[in-house]
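Student: Give me the fold of what follows.
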Amino acid sequence: MTNSLPSDVLGRRILCDTEYATVRYAGSVPPTTGLWLGVEWDNPQRGKHNGSHEGIQYFKCRHPTGGSFIRPNKANFGVDFLTAVKNRYGLNDEEDVECEKENALVIGKKTVELVGFDSIIEQQCQLNKLVDISLRECAVSHAGQKEEISTMCPNIRSVNLSKNLLPSWEKVTDIACQVQNLESLDLSENKMKFPPVSASVTCTLCKLGVLALNRTGVTWPEVLLCAPGWPALEELYLASNDITILERLEQLILSNTGISSICFPDVGFGCKTKMFPLLQRLTVDDNKISQWSSINELDKLQCLQSLQCQNNPLMGTEKNLETVRQLIIAKIGQLKFLNKSEIFPDERKGAELDYRKLFGNEWLAAGGNQNPDKNRPNEEFLAAHPRYQLLCLKYGAPDEGELKRQQPFFLKNQLLTLTIKCPDKPEQKPIEKKLPDSMTIQKVKGLLYRLLKIPGSELKLSYESFKMEGKEIELENDLKPLQFYSVENGDSILVRW
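Tutor: Predicted structure coming up:
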């Protein structure tokens, strides 16, 4: 508490009793005499007005009752970092606090017996041994003397400065740049002013891996402005800052955060959201996502290419994990990696063809039709399957005959009657053959080598179906079975070499 004011009083953070505030005005308030501070309280219920008195506006508040006038001697402007450390760890007065004997601590004239605290006292008596420091609610407002922190506390790795009186990011860097090995920094609940857009990075925290800025009022552009100063940052916490749009964000990790659903309400199904416009990589492992609607929402992201979503209830909704994988691939059209595994073109094609057949009966029941003029599936179906219409355009709409028997993703082993054709060899007559649908493309090629007595040059296989007239699907992956490509009874295998 003081009657004199700091030279930079405007914008300073203060503590009055147990309430926090920011100084918005310093000067006279007629008709009263003397000096007043106009403050904006963090808790607007603590205030009385909006910064005006008898019709004169002295300062502005975000809340109509967020302001007050107080005398300077009521304001605690805080202490420097090292003073707070000494106060917190009982090192502030060497004459009053000293280690006089092995199991006793003398405070003033009183002796307090200690058992098992020798190592703690020894560490606290030597500032240079402090590694992890917690100064939460210690009224820290500035760094103090230049280079004092780096000289007295050279081994600090982690600092908790939450809920203090730090008024600006500049005051933070004055402290942090003296802690050369700083790895973790918590600045939550400091209402700070961040650099303007024109400011440049003045301090690089080379080893900082964890930074918490919860409830600081920071905006996303301000985060981006400061980010070049955190080249090694791995974890950034920004809770309760009312950040709604994240620009230039390419990777977002939300593992083990309790998320149960994902929604982008600014657009409907089939459209792309304006949120996270550059997001390419998203991780939501170890959460509570259980509904397919959340996966549908991810297709709204403009640039999403990689998704990790392991250890969510959704992954157990189907008996086969491969089925879940195919569903996700079919639902998110631009995805190139799923759970760190690349999605190759043939896998996407197979997943989308199977998806088209799996939900074909639901599509017909909801009003779907091969005739474009009659194709009007209801809103409920479109909400559950936003990409279905697109897949029908891509591969052709399924007809009722194709869907008489529901086709699961992985059929039981069955024989398919297929016609073997050689389009480039008209002299070779078509051959009808029964093959198990579980037969791999590699084994089919081996059979054709023997059946057609072709030389050992490389075969290229594809297939066509009367249900998709004019379309030819390549059988590109030798390790996949016929059922993976949705080859059905009556289809034709096309052989080229």
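Student: Which secondary structure element of this structure has the lowest mean pLDDT?
Tutor: Scoring the helices and strands of the chain by mean pLDDT, DSSP states H and E places strand 97-101 at the bottom, with a mean of 40.
Student: Would you mind measuring from V487 to L307?
Tutor: Counting by Cβ to Cβ, to the nearest Å, the gap between V487 and L307 amounts to 29 Å. Just so you know, the C-beta spots here come from the backbone N, C-alpha and C atoms, and that holds for glycine as well.
Student: The two: who's more crowded?
Tutor: Set side by side, V487 and L307 give different neighbour counts by other Cβ atoms under 10 Å, the larger being at V487 (24 against 21).
Student: Tell me how far the more buried one lies from Q414.
Tutor: Relative to Q414, and taking Cβ to Cβ, V487 is found at 11 Å.
Student: next one: M439
Tutor: Remark: distance between M439 and Q414 (Cβ to Cβ) = 11 Å.
Student: K434 too?
Tutor: Taken as Cβ to Cβ, the spacing of K434 relative to Q414 amounts to 10 Å.
Student: cool, and V140?
Tutor: To Q414, V140 is 73 Å away according to Cβ to Cβ.
Student: likewise A212?
Tutor: A212 sits 58 Å away from Q414 when distances are taken as Cβ to Cβ.
Student: so what's T257 closest to, chain neighbours aside?
Tutor: Taking Cβ to Cβ, 6 or more residues apart in numbering, and ignoring the residues beside it in sequence, T257 has N287 as its nearest neighbour in space, at 6.4 Å.
Student: Please verify my assumption that that neighbour contacts N312.
Tutor: Yes. With contacts counted by Cβ atoms under 8 Å, N287 reaches N312, the gap being 5.4 Å.
Student: Tell me the span between the first and last residue of stretch 444-464.
Tutor: 16 Å (Cα to Cα, to the nearest Å).
Student: list the buried ones in it?
Tutor: V444, K445, L448, I454, L459, L461, S462, Y463, E464 (16 or more other Cβ atoms under 10 Å).
Student: just to revisit the earlier point, mind checking which of M439 and Q414 has more residues around it?
Tutor: Residue environment comparison for M439 versus Q414 gives the larger neighbour count to M439, 18 against 11, counting by other Cβ under 10 Å.
Student: Quick check: that one touching K480?
Tutor: No. M439 lies out of contact with K480 (Cβ under 8 Å); the separation is 10.3 Å.
Student: Might you report the residue contacts of L213?
Tutor: With contacts defined as Cβ atoms under 8 Å, 6 or more residues apart in numbering, the neighbours of L213 are L187, S188, V223, L236, Y237, L238, N241.
Student: Correction: the previous question concerned G34.
Tutor: Neighbouring residues of G34 by Cβ under 8 Å, 6+ apart: S28, R71.
Student: Phi, psi for it please.
Tutor: phi 90, psi -180 (degrees, to the nearest 10).
Student: So the nearest residue to Q370 once chain neighbours are set aside, which state does it fall into?
Tutor: In space, and not counting its chain neighbours, Q370 is closest to A397: 4.6 Å by Cβ to Cβ, 6+ apart. State at A397, reduced to three classes by DSSP: H, G, I helix; E, B strand; the rest coil: coil.
Student: what's the burial count for A397?
Tutor: For A397, the number of neighbouring residues by other Cβ under 10 Å comes to 22.
Student: got a list of what it touches?
Tutor: Shown in contact with A397 (Cβ under 8 Å, 6+ apart): G368, N369, Q370, N375.
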